[in-house]
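# Generate coordinates for the sequence data below:
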Amino acid sequence: MARKTFQYEGISPDGRAVSGIVRARDAEEAAYRLRRRLLSLSRLSERESGILSRELLPGKTDEKELALVCRQFAILLRSGMPIVRAAELVGEQTGDRQLKRILTAVGEDVAAGYPVADSFARRGPRLPGTFVETIRAGEESGALELSFERLAEYFGKRSDLQKKLVSALIYPAFVLLVALVVIGVIMLRAVPAFVEAFAAMDVELPLPTRAVIALSGFLRRYTLPILLLLLLLAGAVRLWAATDRGKMTLAELRLRLPLIGKLQYMSSATEFASTLSTMLSAGVPTIRSLTITGRALSNYAMGRSVLNMAEAVEGGFSMGEAMRRENRFPRLLREMTSMGEESGSLEETLRVVAEYYDSQVSTLSARLVSLFEPVMICLLAVFVTMILLAVYLPMFQMYNGVL
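Residues are numbered from 1 along each chain as shown. Next up is the predicted model:
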């Protein structure tokens, strides 16, 4: 349901007359939210959306830059600076053009009386839900600077986690790419040169040599069709991956891969614990926190499990029971979540669990890189050995025939 804009007037808790704008689904929700912030509400009327009717910059925001922006907001707000002036200063300091334009627009909106969270939601439609909802909770509770501090820590850790995952995968991908280039050069350039030499020898070629020559000839003859087929296949996979079924299948496949699957499980556990802890600490309701957490996870299958958990909790299950019903997350995370929920310290428990799995991701990433290097060297050695045998076996036969 789309949110509506309401103009209000009332008395603040310190006795001042205040007025402004609030966005809510209906007048009842708007009045409920305002009565939590005001001593009394004297007037509430719906108005047409003005400034907030424009949406800016649908591109994805860099989490490292977002963490820096949140840290700057927290410092400025803690020093007593008004949110409008803070938005202007932070916008001037950030090097991200998207964030700069969003913050400039948010400053204008807030100066006109719009809530901070609603302005961020409209001005940055691709900003993470974690960001917007945590700000909304902090704004309603009067602890906006604390919300920005939590977000700075949260996005900083998410950025570090992504760096660990990329560093664990980029080196193997680079080595694999180099290996494919070397193999292609050998098969398309080096082997044909030996074919001409073998033809001049007029000897019967052994099976390994004939196999390599046949493979080289096939690749040379159908190079363009093979490339076109690969491009079409990549496009088809990309279109399929955009569907719910494709996303789920690929996500589950990544979870089943050796080593990489375990790394995916660990990183998803870190994301779940860190995101949920941040949302609950900010005062966001449990079901809403689970929903946003499910959408924030990078692995689609794990995210769907969290969304199923949100439905189960809404249906009356405890979070620990809902997590056991899904049975997708690591056992330690399930048990610690249940324990934290029963003891009333779920936020702190999840924070500790997030730190534990973050250290596990670091260890596993380093192990993955160290294991991949010797595996690739062995595979390349096997291929080079096959090429050498294919090339030298005819020469050995010819030499034995001469003797």
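
# which stretch of helix or strand covers the residue most central in space within the chain?
The residue lying closest to the centre of the chain (C-alpha atoms, centre = their mean) is S298, at 4.1 Å. S298 belongs to no helix or strand when assigned by DSSP states H and E.

# now swap in the one 5 residues further on and tell me
Under the assignment given by DSSP H and E, the secondary-structure element containing G303 is helix 300-314.

# can you check G10 too?
strand 4-11.

# And L76, by the same measure?
helix 63-78.

# Who are the packing partners of that helix?
In terms of contacts (3 or more C-beta pairs under 8 Å, 6 or more residues apart in numbering; DSSP states H and E), helix 63-78 is packed against helix 83-93, helix 97-111, helix 144-185. C-beta: built from backbone N, CA, C; applies to glycine.

# Check which element follows the last one along the chain.
The one in question is helix 144-185. Downstream of helix 144-185 (by DSSP H and E), the next one is helix 191-201.

# can you give me the angle that following helix makes with helix 144-185?
10 degrees (axes from the mean of the first three to the mean of the last three C-alpha atoms, to 10 degrees).

# Run a quick neighbour tally on V178.
Per other C-beta atoms under 10 Å, the neighbour tally for V178 reads 12.

# just use 316 as the starting number from now, easier for me
Understood, numbering begins at 316; the last thing we discussed is V493.

# residues contacting the nearest residue to the residue nearest to the centre of the chain once chain neighbours are set aside?
Nearest non-adjacent residue to S613, counting by C-beta to C-beta, 6 or more residues apart in numbering: E586, 6.5 Å away. Contact analysis of E586 by C-beta atoms under 8 Å, 6 or more residues apart in numbering lists R473, L476, T608, A611, L612, S613.

# okay, E586: pLDDT?
Looking at E586, its pLDDT reads 88.

# so it, which of the three states?
helix (DSSP: H, G, I helix; E, B strand; the rest coil).

# Next one: it relative to R610, how far apart?
Separation of E586 from R610 (C-beta to C-beta, to the nearest Å): 11 Å.

# If you rank every helix and strand of the chain by mean pLDDT, what lands last?
Least confident helix or strand, the chain: strand 332-339 with a mean of 68, by mean pLDDT, DSSP states H and E.

# Show me the longest helix that occurs in this structure.
Longest helix in the chain by number of residues (criterion: DSSP state H): helix 661-717.

# How many neighbouring residues does D411 have?
D411 has 19 nearby residues by other C-beta under 10 Å.

# follow-up on the earlier one: can you state the direction angle for the helix or strand following the least confident helix or strand of the chain and strand 319-326?
Proceeding N to C from strand 332-339, the next assigned helix or strand is helix 342-350, under DSSP H and E. Interaxial angle of helix 342-350 relative to strand 319-326 (the same axes, to 10 degrees): 40 degrees.

# which other helices and strands contact helix 342-350?
For helix 342-350, the packing partners by 3+ C-beta pairs under 8 Å, 6+ apart are strand 319-326, strand 332-339, strand 355-362.

# Work out for me the element R640 sits within.
helix 634-641.

# residue ranges with poor pLDDT in the stretch 616-718 of the chain?
712-718 (pLDDT under 70).

# re earlier: I'd like the distance between the residue nearest to S613 and A401.
Counting by C-beta to C-beta - E586 and A401 are separated by 29 Å.

# got it, and R603?
26 Å.

# the more surrounded of these two?
A401 (24 against 15).

# was I right about that one contacting I390?
No. Look at A401 against I390 with C-beta atoms under 8 Å: they stay out of range, at 9.0 Å.

# Count the residues that sit near T445.
25.

# Next, P645: phi, psi?
The phi/psi pair for P645 (degrees, to the nearest 10) reads phi -60, psi 150.

# Quick check: chain neighbours aside, which residue is closest to it?
Closest to P645 by C-beta to C-beta, 6+ apart is A584, at 5.5 Å.

# Show the contacting residues for that neighbour.
Neighbours of A584 in contact, by C-beta under 8 Å, 6+ apart: F644, P645, L648, V668, Y672.

# Near the fourth one, how many other residues are there?
Yep, that's V668 we're talking about. 24.

# any idea how far V431 is from it?
30 Å.

# Repeat that for the second one.
With distances taken as C-beta to C-beta, P645 is found 36 Å from V431.
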